[in-house]
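just a sequence and a predicted model for now, questions to come.
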Amino acid sequence: MTDLFSCRNPIFTLPKHSDKLCIPIQKWEFLCHTLYLKKYPFLLGPKGCGKSSVAKELADAMGMEYHAFNMGQAFKPKKMFVGSLIIGEDGKTLAVRSEFFRAFVSDRPTLIFLDELTRTPAVAANFLMTVLDRHQSYLYDEDSGQRYNKGRNVLFIAAGNTGFAYVSAQRLDTAFEDRFIKTRLDYLSPREESALICSRIDGVARKDAVRLAEIARILRLGEAKETLSVSLSTRQVLDAAAYLPLGYSLQDVVEEIILTNYMLSGEEVLARALLQGI
Ligand SMILES: Nc1ncnc2c1ncn2[C@@H]1O[C@H](COP(=O)(O)OP(=O)(O)OP(=O)(O)O)[C@@H](O)[C@H]1O
Ligand SMILES: [Mg+2]
């Protein structure tokens with residue numbers, strides 16, 4: 001395991017990710033270097049392209065403890081970031097620290113994943129502002145009137161969805177964005193995606209995996225050209241592929257799992273038309 005934080009080991013050896021993750025090597029290297037420099041990566045990409053998987057793999061590869069939080073749910077920020085007060089058996093008030101708080105002040109190498117950062121509610125903004133300050137990162141507990149500093153080896157990584165369906169009216173405060181090194185993650189190439197299907201799901205014929213990945217490519221192209229407004233995630237492609245070893249034909253899988261992805265947006269007919277002739 002690489003001791004990322006040891007000053008006696010200034011030469012950084014690139015740690016490996018597990019073979020479950022598929023990511024271009026340059027991207028992986030850049031993300032590892034970003035953490036090595038104690039900067040915070042912000043993974044930006046379409047739904048289901050592997051953002052959460054990358055965050056967890058980075059923590060594992062760098063030998064860091066990992067804690068994930070969905071910022072879109074931070075409607076009670078004090079409870080989430082600091083904790084709450086309870087009355088103990090002896091009638092005294094007791095501070096119960098949240099998981100976030102314990103991770104934040106930890107003296108062990110720790111990676112805190114701020115998922116859905118672009119959906120952080122405005123009420124949580126003040127907490128995040130001090131938490132993400134690179135020079136003086138702290139949490140303020142208004143009950144005790146105390147500041148708690150971030151552990152020296154505690155780093156953050158964030159993720160946010162990009163794409164048509166996610167252009168929200170409430171854009172993230174640019175002051176937050178400024179604290180991160182933005183990194184784009186994309187869907188895999190058809191070759192990578194078909195290889196991922198075969199490695200993740202036993203019993204899928206290689207030719208079916210290749211065709212499924214090609215179908216995904218065409219539908220994503222449809223989204224890029226704005227013919228479709230919904231993207232097709234790697235998660236959905238893997239979900240679809242899981243039915244193949246049970247005897248479903250590729251056509252069944254496309255009808256039942258891939259095209260139904262476009263039902264809610266009313267684009268099923270359009271999507272089917274894009275797949276004509278393949
Ligand atoms: N690049 C990839 N390599 C390996 N598996 C992947 C990759 N992309 C997606 N997957 C698989 O697809 C599923 C969804 O991935 P993950 O949750 O990491 O995506 P996400 O970008 O965080 O999704 P969301 O936008 O919904 O938060 C997981 O089962 C994951 O293993
Ligand atoms: Mg995710």
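Looks like it arrived, so ask away. Numbers count the residues shown, from 1 in each chain. Ligands and ions are numbered 1, 2, ... in the order given.

and ligand 1, is stretch 237-246 touching that?
Yes. Stretch 237-246 lies within reach of ligand 1 by C-beta under 6 Å from any ligand atom, at residue 238. Every C-beta, even on glycine, is put in place using the N, C-alpha and C of the backbone.

which ones are touching residue 52?
68, 113, 115, 159 (C-beta atoms under 8 Å, 6 or more residues apart in numbering).

surely it is in a helix?
Yes. Assessed with DSSP: H, G, I helix; E, B strand; the rest coil, residue 52 lies in a helix.

distance of it relative to ligand 1?
3 Å (C-beta to the nearest ligand atom, to the nearest Å).

what about the strands in this protein?
Applying DSSP state E to the chain gives strands spanning 40-45, 65-70, 83-87, 93-97, 110-115, 138-141, 146-149, 154-161, 180-184.

surely residue 200 and residue 238 touch.
Yes. Counting by C-beta atoms under 8 Å, residue 200 touches residue 238, with 6.1 Å between them.

related to what we said a few turns ago, in a markdown table, list the strands of the chain along with mean neighbour count and mean pLDDT.
Output for the strands of the chain, formatted as a markdown table (neighbours: other C-beta atoms under 10 Å; pLDDT from 0 to 100):
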| stretch | mean neighbour count | mean pLDDT |
| --- | --- | --- |
| strand 40-45 | 22 | 96 |
| strand 65-70 | 17 | 98 |
| strand 83-87 | 13 | 90 |
| strand 93-97 | 12 | 89 |
| strand 110-115 | 24 | 98 |
| strand 138-141 | 18 | 93 |
| strand 146-149 | 12 | 95 |
| strand 154-161 | 25 | 95 |
| strand 180-184 | 16 | 95 |
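
can you redo these as TSV with distance to residue 210?
Shown next, in TSV, are the strands of the chain (distance: least, C-beta to C-beta, whole Å):
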stretch	distance to residue 210
strand 40-45	23
strand 65-70	33
strand 83-87	51
strand 93-97	51
strand 110-115	32
strand 138-141	50
strand 146-149	52
strand 154-161	28
strand 180-184	26
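
nearest to ligand 1, of these?
Proximity to ligand 1 (C-beta to the nearest ligand atom) singles out strand 154-161 among those, at 5.1 Å.

adjacent strands (with direction) for the closest one?
strand 40-45 (parallel), strand 110-115 (parallel) (DSSP bridges).

ok, which of those comes nearest ligand 2?
Among the strands paired with strand 154-161, strand 110-115 comes nearest to ligand 2, with 5.5 Å by C-beta to the ion.

the residue of the stretch 151-278 of the chain found nearest ligand 2 bridge partners, please.
The stretch 151-278 of the chain approaches ligand 2 most closely through residue 159 (5.8 Å), counting by C-beta to the ion. Beta-bridge pairing of residue 159 under DSSP bridges involves residue 43.

around ligand 1, pick out the residues from the stretch 101-250 of the chain.
So far as C-beta under 6 Å from any ligand atom goes, the stretch 101-250 of the chain lies against ligand 1 at 161, 188, 196, 234-235, 238.

all set now, cheers.
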